[in-house]
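# kindly generate the corresponding structure for this input.
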Amino acid sequence: MRFDTPLVPARLIRRYNRFLTDAELETGEIIKAHCPNPGSMMGLKEPGLRIWLEPNDDPKKKLKYGWRLVELPDGHWSGIDTAVPNRVVGEALRSRAVAELSGYEGVRPEVKYGTNSRIDFLLTQEGLPDAYVEVKNVHLRREDDWAEFPDSVTARGAKHLGELSNMAAQGHRAVMLYLVQRTDCARLKMAADLDPAYAAAFQAARDAGVEMLCYDTVIDRDGVSFGRPLPIAATPHN
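Residues are numbered from 1 along each chain as shown. Model prediction:
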């Protein structure tokens, strides 16, 4: 996935009201930018961080910049746009780059299923069980090279795990794919201290036959690409 417009650097002043950001461009101009992330953004919203913004000249948009990346130490990056993972995974599924799901040709996004839910992707292929794939954005890192999910309480996320468990019970493939939008992580675990209910739901879904996948991303100022598989902790508490 490539950005539509070349990104410009800035210094973060503050992120507030969930979807708004004040930043200072290299010219010294103070601007307001859209923050496409309703989560806690723990560790990625501290004032003074070097961030990268995507400008636009769309007359329909009130804000002329959108926050896309955080520049991390040692040349690493983190993406903060929660819409990016579905775009990246969608491209990977259609090009059959997800090894565990490469046997599927049909890729349909946003299909209704379960109880008032939509699956991110429904995969179909003659001779194979339908595969229901849910995608989660991961960009929390607190220790060593562990990526963690979630970064705040997510009842909706726990519901998705329950829906996937139901699909598995009906004989379908049910897949939770965690996409790590950071380049400084090498493994994933559940943040049980931040959301014990989600960690419990994760374990229950895994026991029910939901396939848990994790992949990292390749990130630079041009875009975000699907990366390599990462291991997931055997239990939510590892």
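# quick one: contacts of stretch 171-178?
For stretch 171-178, the surrounding residues in contact (C-beta atoms under 8 Å, 6 or more residues apart in numbering) are 89, 98, 100-101, 123, 128-136, 138, 147, 149, 160-161, 164-165, 167-168, 188, 205, 209-215, 232. For the C-beta atoms, the positions are set from N, CA and C on the backbone; glycine is no exception.
# what subset of those is buried?
Buried residues within the contacts of stretch 171-178, defined by neighbour count using 16 or more other C-beta atoms under 10 Å: 89, 98, 101, 123, 130-136, 138, 147, 149, 160-161, 164-165, 167-168, 188, 205, 210-215, 232.
# so what's the nearest residue to Leu7 once chain neighbours are set aside bridging to?
Across the structure, with C-beta to C-beta, 6 or more residues apart in numbering as the measure, the residue nearest Leu7 apart from its sequence neighbours is Trp52 (4.1 Å). According to DSSP bridges, the partner residues bridging Trp52 are Pro9, Leu69.
# surely Trp52 touches Val8?
Yes: with contact defined as C-beta atoms under 8 Å, Trp52 and Val8 form a contacting pair (7.0 Å).
# which of the two has more residues huddled nearby?
More crowded of Trp52 and Val8, by other C-beta atoms under 10 Å: Trp52, with 21 against 17.
# how far away is the residue most central in space within the chain from Val89?
The chain has Asn137 as the residue nearest its centroid, 1.6 Å off, counting by C-alpha atoms, centre = their mean. Between Asn137 and Val89 the computed distance is 10 Å (C-beta to C-beta, to the nearest Å).
# any shared contact partners between the two?
Taking C-beta under 8 Å, 6+ apart as the contact criterion, the common neighbours of Asn137 and Val89 are Leu179.
# how much space between Ala234 and Asp151?
According to C-beta to C-beta, Ala234 and Asp151 sit 21 Å apart.
# so for the two, which sits in the more crowded spot?
A side-by-side neighbour count of Ala234 and Asp151, using other C-beta under 10 Å, places Asp151 first with 22 against 10.
# who are the contact partners of that one?
Neighbouring residues of Asp151 by C-beta under 8 Å, 6+ apart: Gly39, Ser40, Met41, Met42, His139, Leu140, Ala191, Leu194.
# now the first one, what's its secondary structure?
Going back to what we said before, that points to Gly39. Per DSSP: H, G, I helix; E, B strand; the rest coil, the secondary structure class of Gly39 is coil.
# can you give me phi and psi for it?
Gly39 adopts backbone torsions of phi -80, psi -170, taken as degrees, to the nearest 10.
# low pLDDT regions in the protein?
For the chain, residues meeting the criterion pLDDT under 70 lie at 235-238.
# who does whichever strand or helix holds Ala199 touch, helix- and strand-wise?
When secondary structure is defined by DSSP states H and E, Ala199 falls within helix 196-207. For helix 196-207, the helices and strands in contact under the criterion 3 or more C-beta pairs under 8 Å, 6 or more residues apart in numbering; DSSP states H and E are helix 155-169, strand 187-190, strand 211-220.
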